[in-house]
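Trainee: Sequence and predicted model, in that order:
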Amino acid sequence: MNSDNYLNPHQKPEPLLIVISGPSGVGKDSVIKRMKARDLPFHFVVNATTRARRKDEVHGEDYFFVSSEEFDEMIKNDDLLEHAIVYGDHKGIPKEQVRQALESGEDVIMRIDVQGADTIREICPQALLIFLTTQNEQELVERLKLRKTETKDGMDVRIATAHKELERIKDFDYVVVNPDCQLDEAVDTILVIIKAEHHRAIPRKVTL
């Protein structure tokens, strides 16, 4: 048998590219913030966006808030791994940030919408895709309403989009439920998934 088929049990683990996705309102940002607060050893990708900064968000930590002109320049310079228009605003993932983190051996975690996860799946089939969701669709609708960040028309669009995105669960590797007031349980489940992935007999090998 070819010796290449054997795995060295002491080899350095391959870094993972971990995508946390799901509909608007499932708590992607909250999960990421809690993971950061627990000082977990991951590189958390900071996305670029043209949307307005919310009052509790910090530039360079939650997002890079840029103008439409700056975003267009990033696209022109091929600086983005993936980008899309999400609810009328541009969002994108800085390519070099991800590459540098992977090259350093860090697991990389990015939070993106379902549309963006499709793109990452195409350009990096070895990415680990986690779908974050609520206990049921009604809970998701209530969360969106409680945010009070949208007009009625904007809210209707988000709810309709979320309904379609919930049907995409089967396209992901894992599903994690993020119930109200149980954020740490959701984070713990994600950590169990990541740990299990690092114990795969044939590890994922990410190339970008």
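Mentor: Noted; the coordinates are in hand.
Trainee: Tell me where the chain has strands.
Mentor: In the chain, strands defined by DSSP state E lie at 17-21, 42-44, 47-49, 63-65, 80-86, 89-94, 107-111, 128-133, 174-177, listed in chain order.
Trainee: so which of these comes closest to Ala196?
Mentor: The minimum distance between Ala196 and the strands of the chain falls on strand 174-177, with 9.3 Å, by CB to CB. From N, CA and C alone the C-beta is placed, and that goes for glycine too.
Trainee: What helices and strands are in contact with that closest one?
Mentor: Here strand 174-177 touches strand 128-133, helix 183-197, going by 3 or more CB pairs under 8 Å, 6 or more residues apart in numbering; DSSP states H and E.
Trainee: Nearest residue to the middle of the protein?
Mentor: Arg111 (1.9 Å; CA atoms, centre = their mean).
Trainee: Quick check: bridge partners of that one?
Mentor: Ile20 (DSSP bridges).
Trainee: Who are the contact partners of it?
Mentor: By CB atoms under 8 Å, 6 or more residues apart in numbering, the contact list for Arg111 reads Val19, Ile20, Ser21, Lys28, Asp29, Val31, Ile32, Val45, Asn47.
Trainee: What segments of the chain are helices?
Mentor: 28-37, 68-76, 95-103, 114-123, 137-147, 152-166, 183-197 (DSSP state H).
Trainee: want to try a markdown table for those helices, with distance to Val175 and mean pLDDT as columns?
Mentor: Listed next are those as a markdown table, based on distance: least, CB to CB, whole Å; pLDDT from 0 to 100:
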| stretch | distance to Val175 | mean pLDDT |
| --- | --- | --- |
| helix 28-37 | 13 | 94 |
| helix 68-76 | 31 | 96 |
| helix 95-103 | 24 | 95 |
| helix 114-123 | 13 | 93 |
| helix 137-147 | 14 | 84 |
| helix 152-166 | 10 | 86 |
| helix 183-197 | 10 | 96 |
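Trainee: quick one on the thing from earlier: which one of the helices and strands packed on strand 174-177 is the most hemmed in?
Mentor: strand 128-133 (a mean of 22; mean count of other CB atoms under 10 Å).
Trainee: Give me the mean pLDDT for it.
Mentor: Average pLDDT, strand 128-133: 97.
Trainee: that older thread, among the helices of the chain, which is nearest Arg51?
Mentor: Of all the helices of the chain, helix 68-76 comes closest under CB to CB, at 10.5 Å.
Trainee: buried stuff in the closest one?
Mentor: Neighbour counts using 16 or more other CB atoms under 10 Å place Phe71, Met74 of helix 68-76 among the buried residues.
Trainee: List the contacts of Val108.
Mentor: Pro15, Leu16, Leu17, Ile18, Phe42, His43, Val45, Val98, Ala101, Leu102.
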